[in-house]
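[1] Sequence unavailable; structure follows:
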Ligand SMILES: [Zn+2]
């Protein structure tokens, strides 16, 4: 995970490079989202498409790609900062002979890019990514019990071990056992950005 982090800035530059073909810029954004995906790749991608309003035809609004890259970069910087703080803490702990970490933050156990994993690509928190990630980290630091409360939205959990019914975040991270019907079909629609507000024509 750490090795791939270094290529995020290079990919973000490609997203912003208006001399590149729109499709190449989109693929660069996809690389960014593979490196920094707080909800897991699919739900993060869905969020970016909706929040940055990436149109089906990219040339209709190329700035949307830049908005999405900016949002990812803000989120990545937030997590990177925390991960660096944690690494420094571990160095201090090891120096005093503490071999096992006192705490294991979400980005360690899940990979830092899946801090608020949402198994359903279309059900995830609706706020800005960085705000949600900050809320998870703050609740984690405050010692909120993940079995009783959702770390992302804070509501009380009625059913432990299930994705939050409000925001979609699953407490088990990517290890979550989760099934949905037609998930591949739905994902294809997300990938091709075929879920905008235009009414679907009725097939006679
Ligand atoms: Zn929630």
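    The structure has been received and is ready for your questions. Note that this is a predicted model, so its numbers are computed, not measured.
[2] Get me the contact residues on this structure for the ion.
    On the criterion C-beta under 5 Å from the ion, the ion has as its neighbours in the chain the residues 150, 152-153, 164, 166-167. For the C-beta atoms, the positions are set from N, CA and C on the backbone; glycine is no exception.
[3] How much space separates residue 70 from the ion?
    Residue 70 sits 25 Å away from the ion, going by C-beta to the ion, to the nearest Å.
[4] Please apply the same query to residue 51.
    From residue 51 to the ion the distance is 18 Å (C-beta to the ion).
[5] Out of the residues of the chain next to the ion, which end up buried?
    Buried members of these, counted by 16 or more other C-beta atoms under 10 Å: 150, 152-153, 164, 167.
[6] okay if I get the residues of the chain next to the ion as CSV plus secondary structure and pLDDT?
    Listed next are the residues of the chain next to the ion as CSV, based on DSSP: H, G, I helix; E, B strand; the rest coil; pLDDT from 0 to 100:
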residue, secondary structure, pLDDT
150, coil, 94
152, coil, 95
153, coil, 95
164, coil, 94
166, coil, 94
167, coil, 96
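[7] can you count the residues close to residue 24?
    Look at residue 24: counted by other C-beta atoms under 10 Å, it has 13 neighbours.
[8] which one is it nearest to, not counting chain neighbours?
    residue 14 (6.9 Å; C-beta to C-beta, 6 or more residues apart in numbering).
[9] I'd assumed residue 44 was in contact with residue 129.
    Yes - contact criterion C-beta atoms under 8 Å: residue 129 and residue 44 qualify, at 7.4 Å.
[10] hey, what's in contact with both of these two?
    residue 38 (C-beta atoms under 8 Å, 6 or more residues apart in numbering).
[11] quick revisit: show me which pair in the residues of the chain next to the ion is furthest apart.
    Pairwise distances across these (C-beta to C-beta) peak at 8.8 Å, for the pair 152 and 166.
[12] Check the offset of the longest helix anywhere in the chain from the chain's centre.
    Ranked by number of residues, the top helix in the chain under DSSP state H is helix 63-95. In this view, helix 63-95 has its centroid 13 Å away from the chain centroid, taken as C-alpha atoms, centre = their mean, to the nearest Å.
[13] let's have the chain start at 448 instead
    Sure thing, new numbering starts at 448, so read that last one as helix 510-542.
[14] Report the mean per-residue pLDDT for it.
    The average pLDDT within helix 510-542 is 90.
[15] packing partners for it?
    helix 454-463, helix 469-482, helix 488-498, helix 553-556, helix 576-588 (3 or more C-beta pairs under 8 Å, 6 or more residues apart in numbering; DSSP states H and E).
[16] what's the least confident stretch among the ones you listed?
    Across the helices and strands packed on helix 510-542, the lowest-scoring stretch is helix 553-556, with a mean of 58.
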